[in-house]
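K.L.:
give me a model of this one.
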Amino acid sequence: MATINPAPAASAQLPSEFKTEFHPHSGRQTLFQPFDQFGISPEAQDAPIVDKEPWCPFRSRGDFEFSEIAIEAALNKSQINALLSLITRISEGHAQITLKNEADLSKAWDNAAAELTPFSKHEVAMTYKKNEQVYEVHARPIWDWALDLLDNPLLAPHFVWDACRVYKHNGAQFKRFFNEPWTGDRWWDIQSSLPDIDGAVPFCFILYADKTKLSSFGTVKGYPVVVRCANLPTHIRNGEAFGGGRIVGWLPIVPEDAGEEGKLGYTTLKRVVWHESFKKLLEHAAQYSKTGYSHKCHDDILRWLFPVILILSADYEEQCMMSLIRGRGGKCPCPVCLVPLEELHDLSKTYALRSIGEAMEALRVYKRSRAQGEELLKALGLRPVENIFWIMWYSDPHDALSFDRLHSLHGGLWKHLLAELKKILVSLGREAEAAFEKLIDDFPRWRNLNHFKSAINITFSDGNKYQDLSKQTLYACLNLLTPRTSPEGHQLLRVISTYLQLDSLIGLDAYVACAESSDIEKLKLDWNFPKTHLWKHVVRDIRRKGAARNYSTRPNEKLHGPLKDTYHHRTNGKDVAGQILRVDHHKFALMLLRERVDAVDEYNRLQALGNDLPDEDVAVAFNGHVKLGAPTQNPSSILDLENRSAVDRSFQAFRRKFTEFINTSLPTYGHQLTNWITFPADYQIHEHRYLKVNYESMVDWKQATDHLRCNPQFHGLPRFDHALIQLTADETIFVRLILLFRCSISNLGSFEFALVQPYTARINGSRRMDRFFKLTRVKALPRASSIFVPLSSFIRGAVLVPDADHQDEHLVVDHLDSDMFLRMRARVR
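P.N.:
Numbers count the residues shown, from 1 in each chain. You can find the predicted model right below:
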């Protein structure tokens, strides 16, 4: 049996240094930093400004905390009155809660909300066919919202103003990388274009808009606009606290009219209403984008802030509205470039980018000569409407529009691929469909990965579920759709394989042609639609605006759920927008108070500790580690474990193998053994069913966590997860968990180990399938060849799918997450 050399929890190879080049206008020197200092702002470490009564204007902390519960639980008037009555009776005499009824609470909410910019209602009047129509829009101007953020002392240290270029040293040279928006070229170019005055920097907005169904049957809809501040780090900007996304507008929806739908005038009316309504959100911001806004920042530097719309985050339909292109039916249906409709499928070709100047000139021609202008606008795929984003300087909407994985890939292209896959499976008959459904149901469970009992006859609108299904479908079809059983199906699987690679590393520029002809009924042969083309621009988006998470609609669409809850529980069905936005405004205000209360609590906690800070309060570089959990009720004797070999050969000779492992391996950990250690039959081992593994991600060098199960009855089913471990200093292998345990050895201390089944058996020859689909294949040793390993050798968890056609062989799910994808790519190299 091989000994296990000592190896700390393995992690990505970290660069020795980082380099940050700041924009020349910032006047800052190039910064070189070691890993443990990169990305840490000294200002952010400053002690918060403490308010002794941060819950004001509530009369007590108890009042404030009760109001938080009431608004998050969406309690109605009678529930609030009943709960307050009960609390008042219970706490009478303690003066913890002073609120007496819903009116008191509502007044307190209003008082708290008064500190922040409220919504205001506006009317937009339009004439259509000589009839004037009035549309209501609710707006909180984005610059007023920005001032609320700037006034927050807890957020102030986190603002980033200057564009920079960041580099990672790869052992030979510095290599540039992109993550936050200010590391992209667009921010750099904008800052270079600002007036040549000291402290001129962009204040960058990310805007999102989309309609959502509020009622169960979709008869009541809302049209929220969400804003985020790109100057704040991702964890704040995409978080759910005060610095995260907020609703700043509620746009009117022009009603459907069967007699008018499809007519140019009615289509144009919808666009004019949208852009005129959106104008209410850009008040002040448009003016300051030209002149700048003087603001003294947290570092005592006076800066001139120029509002800029850096990113427009939206699905394709909304991008058409924002850019005023004609959509799928237009001659040039891409909102970013001038690709012809018939060339959407060909990603190898590059076309000219759209520009504001070109659109403005076409509209000027249209105003002089409608016929001539309409011809020019049609050629460009544009509507005859003035784009409201033109009033914002440095904010070209075509440059701001960005690739969105959720709608373009997971809920877009993948939906089309899945639909074609279902048609192919139907054509193969019920036996093939049943086999596919069983393989989907048997796919290994994994935390935060949706499990599907069926995939053929179900539909859903959740893009996250589509994403998870895409990761599982390829493996379920590999042995079903072979070149012999289904040439079209096999070709489609190659497309799906490429799709998964593109989704894992957006920016890989590849195109795999679909079948050119087929006898399968209704199989899609025309792939000239916008979502096929949109990922053409993703590499440019990353270079100009940073990582894809910066412009994803996913964090914005999460806000739709609370809006629906508010509609169902807090409105009477009348003036829906006003009631929903009032509740949202209250939530925003309470969020601000909660941050202040938490800051005071943390300050008081640290003051009480003084110099006796526990380890978790000391900032240190992350070290990979593991933690056992879910202990069994009673320990097991080593003889009891060995007796399990009657049903599981992995426990065969357990006592002998464990004795050899301990005596051979402990000296390599620095333990000096003077005698051969033996274990009596009643030696006690404490079994655990759960293992938490922290590791350094290869994607961003930050901590990530996997949660592994080793449980014969986890939610009614056996679950023994797989993992990637460091077997020796030079070799990593995949294993399956058999037993997690801790034990004590006299005079040496406590130890944590795992019994695992290695996947290191030799595979005879290479599989053609693996080359086609870039698969990572491993083979399990017999269960009797199980080995012991220290828990410190675990790198991270893994998902392995059995290959039904080859005994003991498994395929690693490379696309489980980006870290696993990068590890498998490095492994191939």
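K.L.:
where do the strands of the stretch 101-250 of the chain begin and end?
P.N.:
Ranges of strands within the stretch 101-250 of the chain are 120-128, 131-139, 164-169, 174-177, 200-209, 212-213, 221-222, 224-229, 246-250, based on DSSP state E, counting those that start in this stretch.
K.L.:
TSV for those, including mean neighbour count, mean pLDDT and distance to Glu102?
P.N.:
Just so you know, the C-beta spots here come from the backbone N, C-alpha and C atoms, and that holds for glycine as well. What follows is the strands of the stretch 101-250 of the chain, written out as TSV (neighbours: other C-beta atoms under 10 Å; pLDDT from 0 to 100; distance: least, C-beta to C-beta, whole Å):
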stretch	mean neighbour count	mean pLDDT	distance to Glu102
strand 120-128	14	92	24
strand 131-139	16	93	24
strand 164-169	19	89	50
strand 174-177	14	87	53
strand 200-209	26	97	33
strand 212-213	16	92	28
strand 221-222	18	92	25
strand 224-229	24	97	26
strand 246-250	25	95	24
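K.L.:
got JSON lines for those strands, with distance to Phe753 too?
P.N.:
Converted to JSON lines, the strands of the stretch 101-250 of the chain look like this (distance: least, C-beta to C-beta, whole Å):
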{"stretch": "strand 120-128", "distance to Phe753": "65"}
{"stretch": "strand 131-139", "distance to Phe753": "61"}
{"stretch": "strand 164-169", "distance to Phe753": "36"}
{"stretch": "strand 174-177", "distance to Phe753": "38"}
{"stretch": "strand 200-209", "distance to Phe753": "48"}
{"stretch": "strand 212-213", "distance to Phe753": "51"}
{"stretch": "strand 221-222", "distance to Phe753": "55"}
{"stretch": "strand 224-229", "distance to Phe753": "46"}
{"stretch": "strand 246-250", "distance to Phe753": "50"}
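K.L.:
so which of these is nearest Thr668?
P.N.:
Among the strands of the stretch 101-250 of the chain, the nearest to Thr668 by C-beta to C-beta is strand 164-169 (31.8 Å).
K.L.:
find the least confident helix or strand in the protein, judged by mean pLDDT.
P.N.:
Every helix and strand of the chain was ranked by mean pLDDT, DSSP states H and E. The lowest is helix 530-533, at a mean of 74.
K.L.:
hmm, back to that, out of the strands of the stretch 101-250 of the chain, which is closest to Ala434?
P.N.:
Of all those, strand 212-213 comes closest under C-beta to C-beta, at 34.6 Å.
K.L.:
which helices and strands does that closest one pack with?
P.N.:
On a contact count with 3 or more C-beta pairs under 8 Å, 6 or more residues apart in numbering; DSSP states H and E, strand 212-213 meets strand 221-222, helix 560-570.
K.L.:
phi and psi next, for Met698.
P.N.:
phi -70, psi -10 (degrees, to the nearest 10).
K.L.:
check contacts around it.
P.N.:
Ala12, Asp819, Leu822, Arg823, Ala826 (C-beta atoms under 8 Å, 6 or more residues apart in numbering).
K.L.:
the closest residue to Glu687 other than its chain neighbours: neighbouring residues, count only.
P.N.:
Nearest in space to Glu687, with sequence neighbours left out and distances taken as C-beta to C-beta, 6 or more residues apart in numbering, is Thr632 at 4.5 Å. Thr632 has 13 neighbours, counted by other C-beta atoms under 10 Å.
K.L.:
and stretch 339-348, average pLDDT?
P.N.:
Over the span of stretch 339-348, the pLDDT mean works out to 87.
K.L.:
if we go by neighbour counts, what in it is buried?
P.N.:
Buried residues in stretch 339-348, counted by 16 or more other C-beta atoms under 10 Å: Val339, Pro340, Leu341, Leu344, His345, Asp346, Leu347.
K.L.:
same deal with stretch 305-323?
P.N.:
For stretch 305-323, burial by neighbour count (16+ other C-beta under 10 Å) applies to 305-316, 318-323.
K.L.:
ditto for stretch 22-31
P.N.:
Under the neighbour-count criterion of 16+ other C-beta under 10 Å, stretch 22-31 has Phe22, His23, His25 buried.
K.L.:
neighbouring contacts of it?
P.N.:
Residues contacting stretch 22-31 (C-beta under 8 Å, 6+ apart): 19-21, 161-164, 188, 191-192, 194, 200-201.
K.L.:
can you select the buried ones among those residues for me in PyMOL?
P.N.:
Burial among the contacts of stretch 22-31 is assessed by 16+ other C-beta under 10 Å; the matching PyMOL selection reads:
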select buried, resi 19+20+21+161+162+163+164+188+191+194+200+201
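K.L.:
let's have the contacts of stretch 22-31 in TSV, adding distance to Glu276.
P.N.:
Formatted as TSV, the contacts of stretch 22-31 follow (distance: C-beta to C-beta, whole Å):
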residue	distance to Glu276
Lys19	47
Thr20	42
Glu21	42
Trp161	32
Asp162	35
Ala163	33
Cys164	38
Trp188	33
Gln191	31
Ser192	32
Leu194	28
Ala200	31
Val201	30
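K.L.:
just the contacts of stretch 22-31 now: which is nearest Lys52?
P.N.:
Out of the contacts of stretch 22-31, the member with the shortest distance to Lys52 (by C-beta to C-beta) is Trp161, at 31.3 Å.
K.L.:
skipping adjacent residues, who's closest to the closest one in space?
P.N.:
Leaving aside its chain neighbours, Trp161 sits nearest to Val201 (4.1 Å; criterion: C-beta to C-beta, 6+ apart).
K.L.:
surely that neighbour meets Val160?
P.N.:
No - Val201 lies out of contact with Val160 (C-beta atoms under 8 Å); the separation is 9.3 Å.
K.L.:
select, out of the helices and strands packed on strand 212-213, the one closest to Ser766.
P.N.:
Of all those, helix 560-570 sits nearest to Ser766, with 47.4 Å by C-beta to C-beta.
K.L.:
what mean pLDDT does the next helix or strand after that closest one have?
P.N.:
Of the helices and strands lying after helix 560-570 in sequence (DSSP states H and E), the nearest is helix 576-609. Helix 576-609 carries an average pLDDT of 85.
K.L.:
the next helix or strand after helix 576-609 pairs with which strands, parallel or anti?
P.N.:
Downstream of helix 576-609, the next assigned helix or strand under DSSP H and E is strand 625-631. Strand pairing for strand 625-631, determined by DSSP bridges: strand 684-696 (antiparallel).
K.L.:
buried stuff in the strand it pairs with?
P.N.:
So strand 684-696, judged by 16+ other C-beta under 10 Å, has buried residues Ile685, His686, Glu687, His688, Arg689, Tyr690, Leu691, Val693, Asn694, Tyr695, Glu696.
K.L.:
can you show me the CA trace of stretch 190-207 as CSV?
P.N.:
Presented in CSV, the C-alpha positions along stretch 190-207 are these (Å, rounded to 0.1, in the frame of the first residue of the first chain):
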residue,chain,number,x,y,z
ILE,A,190,-14.1,57.6,-20.3
GLN,A,191,-11.8,59.0,-17.7
SER,A,192,-9.4,60.0,-20.5
SER,A,193,-12.3,61.9,-22.2
LEU,A,194,-13.3,63.9,-19.1
PRO,A,195,-12.4,67.6,-18.9
ASP,A,196,-8.8,68.2,-18.0
ILE,A,197,-9.4,69.3,-14.4
ASP,A,198,-8.0,68.0,-11.1
GLY,A,199,-10.1,65.2,-9.7
ALA,A,200,-12.4,64.6,-12.7
VAL,A,201,-13.6,61.0,-12.4
PRO,A,202,-16.7,59.0,-13.6
PHE,A,203,-19.6,58.1,-11.3
CYS,A,204,-20.7,54.9,-13.2
PHE,A,205,-24.2,53.6,-13.2
ILE,A,206,-25.4,50.1,-14.1
LEU,A,207,-29.1,50.2,-15.3
